[in-house]
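Peer 1: Kindly generate the corresponding structure for this input.
(chains A and B)
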Amino acid sequence: MKICINNASFGYSKTILLDSINLEIPTGEFTCIIGSNGSGKSTILKTLTNDLIPINGEIFLKDDYGNNTDDLQKSISYLPAGLQDPLHITVAELVNLSRFNMTNIYNWKPSKIDIEKVNNSLLKCDIEQFSNIQFTNLSSGEKQRVWLAFCMAQEKKFLLLDESLNNLDYPTRKIFFNMLKDISRNDTGVLLASHDLDMVERYADQVLLIKNNTLQRLTKPFSNLSEYIF
Amino acid sequence: MRNSYTIITILILISIGFAIGLLFGSSNLSIQDFINTITTKNNPGHIMIIWDIRMPRIVIALVVGAGFAISGALLQTTTRNPLGDPQLFGITGGALIVNAFAVSGILNVEIWQEMSIAVIASILGSGLIYYCSSREQLKPATLALIGFSIGAMSIAISTGIMAYSRVFTQQALGVIGGSTANLTWDDFIPIIPFTILGIFICLMISNRLHVLVLGDTIAKTLGVNSKQTRLFAIIAAAILSGASVNIVGSIGLLGLITPHITRIIVGNNVKTILLYSIPFGSLIMIYSDQISRLVFMPYEVPVGLVITIIGAPIMIYLAWRHL
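Peer 2: Modelled structure (predicted):
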């Protein structure tokens, strides 16, 4: 399965940040977008998640047999940047909500399968010991892992993260990137917008570099990414 | 399990409050008289005191308390703001001005019409707060400042209207301070459809409100339209609090403290809080009403003031301890 971006332009209503982009984001790969602040990393993610509409061109999902499907939004879990901490909610309650769906809207409760999946992702992200702790009482690294567990429990084919990991220390970032790599190996497409060039160099399968309003695809091996940006 | 004990305790306490409301009052009615009146029904004076004076007042207190409490809970959850309260957010402002017009005799309509106008005014007033809370990055403080300003303005306007029409102090206090005095069954009937409608909307969206705790962007990835949900929530809050304000006037702090107390007792689940706010609001209101009419008998203090005087220290404690 892959997300196909066909000759699309990204930007806000009047300003085009990136013009005529052709791109494929396949499952099973860890793709990173790098670029300086304001270059359009978040814009790409927001457009993929339907927060913004592409100015022209098209974005669609191609399944394993090469057929186009329009289930793109249903196949994406998205973690935006700068989330406000939800108040008065425990870690388990928060991750449980990831299984929310609109089918039984008046009386939704997590089913047994839902709870199993939630517990699984809590385990994978190593936060099951915080299950009954208030989210606001966690450290930033732990909060990050809770949100990651939230996305994992949704079991979507693509995981999009718009993350500023700047305030996390080296070991925490390493754990985080390791987890993302593991997720992508599980036949999930991971797309991360990041400033953490060292980590990107080490973990990414595919790097998309945004510079001077163009998108450039870099292939392995990556070295001295900072030279590309500046 | 723990919550079912809570609900039983509340129901018992409400029943006790109900009994106090029926048995005690400025006209001296002994328990013997009370039982006689109920069983033999041959003392029209006593029947009137119990059935037409004390009873409607208690029932109205229960309904109105629930209304304020749910609308506070709705506002706190939708705006992700612990300051959510229909009065603080200025939602009841429209209804308050309608009240002032009615008391002054400028607006002279049937009770049903008056309540409908009040609810519509309340919904219009809430339009502004809806507009303000729809911006993702709006800070809780900004929202509270805007709401507070609208609320303060509407209190000033309604006071002005009443001063201009030379309304008696007692009546003016009833509008501004909130009062359940001199209410009859006629006052009670119109509030029922509005309360049912408000609670119905609230139940319809309670699941979506739960998701809204996570913030708009995340809610959207789960398929929840946060703006629409918030609109419904604020309309429900406006209907409930507007109808309540139309009967008893402005009762501050009730909508603010009840959800906080409920949260501490029944836990953080948004749905549980919304549901349990109903009996908690009724409970607080019914006891405050007893205090307002019994402590300085035969004079009455506006019930809104009683709630504020008792509620403020509780709120200070909660803010200090739990927020």
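Peer 1: can you confirm residue B:308 is in a helix?
Peer 2: Yes. Residue B:308: assigned to a helix according to DSSP: H, G, I helix; E, B strand; the rest coil.
Peer 1: now the closest residue to residue A:202 other than its chain neighbours: how far from residue B:68?
Peer 2: Of all residues not flanking residue A:202 in the chain, residue A:177 sits nearest, at 7.3 Å (C-beta to C-beta, 6 or more residues apart in numbering or on different chains). Backbone N, C-alpha and C define where each C-beta goes, glycine included. Separation of residue A:177 from residue B:68 (C-beta to C-beta, to the nearest Å) stands at 50 Å.
Peer 1: what does residue B:302 give?
Peer 2: 15 Å.
Peer 1: between these two, who's got more neighbours?
Peer 2: Ranked by neighbour count (other C-beta atoms under 10 Å in any protein chain shown), residue B:302 and residue B:68 place residue B:68 first, with 35 against 23.
Peer 1: pLDDT at the residue in the stretch 51-200 of chain B that chain A sits nearest to, what is it?
Peer 2: Closest residue of the stretch 51-200 of chain B to chain A, C-beta to the nearest C-beta: residue B:80 (6.7 Å). Predicted confidence (pLDDT) for residue B:80: 77.
Peer 1: List the contacts of the residue nearest to residue A:202.
Peer 2: A:196, A:199, A:202, A:203 (C-beta atoms under 8 Å, 6 or more residues apart in numbering or on different chains).
Peer 1: separation between it and chain B?
Peer 2: 22 Å (C-beta to the nearest C-beta, to the nearest Å).
Peer 1: same deal with residue A:55?
Peer 2: Taking C-beta to the nearest C-beta as the measure, residue A:55 falls 21 Å from chain B.
Peer 1: any idea what sits nearest that residue, other than its immediate chain neighbours?
Peer 2: residue A:9 (4.2 Å).
Peer 1: Check residue B:54 too.
Peer 2: residue B:22 (5.3 Å).
Peer 1: Please, which helix or strand holds that neighbour?
Peer 2: helix B:2-23 (DSSP states H and E).
Peer 1: Which strands or helices does the very next helix or strand once past that helix pack on?
Peer 2: Going down the chain from helix B:2-23, the next helix or strand is helix B:31-40, by DSSP H and E. Applying 3 or more C-beta pairs under 8 Å, 6 or more residues apart in numbering or on different chains; DSSP states H and E, we find helix B:31-40 packed against helix B:2-23, helix B:44-47.
Peer 1: if you compare these, which one is most tucked away?
Peer 2: Of the helices and strands packed on helix B:31-40, the one with the most neighbours on average (mean count of other C-beta atoms under 10 Å in any protein chain shown) is helix B:2-23, at a mean of 14.
Peer 1: mean confidence score for that helix?
Peer 2: For helix B:2-23, mean pLDDT rounds to 89.
Peer 1: That one to helix B:31-40, inter-axis angle?
Peer 2: If you take axes from the mean of the first three to the mean of the last three C-alpha atoms, to 10 degrees, helix B:2-23 sits at 100 degrees to helix B:31-40.
Peer 1: And the helices in the chain, which stretches?
Peer 2: The chain I'm using is chain A. Ranges of helices within chain A are A:41-48, A:91-97, A:112-124, A:140-153, A:170-185, A:197-203, A:225-229, based on DSSP state H.
Peer 1: You answered for a different chain; I wanted chain B.
Peer 2: Taking DSSP H to define them, one finds helices in chain B at B:2-23, B:31-40, B:44-47, B:55-78, B:93-104, B:111-133, B:140-164, B:169-173, B:185-212, B:216-221, B:226-248, B:254-266, B:270-294, B:303-322.
Peer 1: Now the fifth one: buried residues?
Peer 2: Taking 16 or more other C-beta atoms under 10 Å in any protein chain shown as the basis for neighbour counts, the residues of helix B:93-104 that come out buried are B:93, B:94, B:95, B:96, B:97, B:98, B:99, B:100, B:101, B:102, B:103, B:104.
Peer 1: May I have stretch A:71-91 as CSV, with CA atoms only?
Peer 2: Below are the C-alpha coordinates for stretch A:71-91, written out as CSV (Å, rounded to 0.1, in the frame of the first residue of the first chain):
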residue,chain,number,x,y,z
ASP,A,71,-9.9,5.6,2.0
LEU,A,72,-6.8,7.7,2.6
GLN,A,73,-8.2,9.5,5.7
LYS,A,74,-9.3,6.2,7.3
SER,A,75,-5.8,4.7,6.9
ILE,A,76,-3.9,7.5,8.6
SER,A,77,-3.2,8.2,12.3
TYR,A,78,-1.8,11.6,12.8
LEU,A,79,0.1,13.2,15.7
PRO,A,80,0.2,17.0,15.2
ALA,A,81,2.8,19.3,16.8
GLY,A,82,2.1,21.4,19.8
LEU,A,83,-0.6,19.4,21.4
GLN,A,84,-2.1,20.8,24.5
ASP,A,85,-2.1,18.4,27.4
PRO,A,86,-5.6,17.0,27.9
LEU,A,87,-6.7,17.6,31.5
HIS,A,88,-8.2,15.2,34.0
ILE,A,89,-7.5,12.0,32.0
THR,A,90,-5.4,9.0,32.9
VAL,A,91,-3.0,7.4,30.5
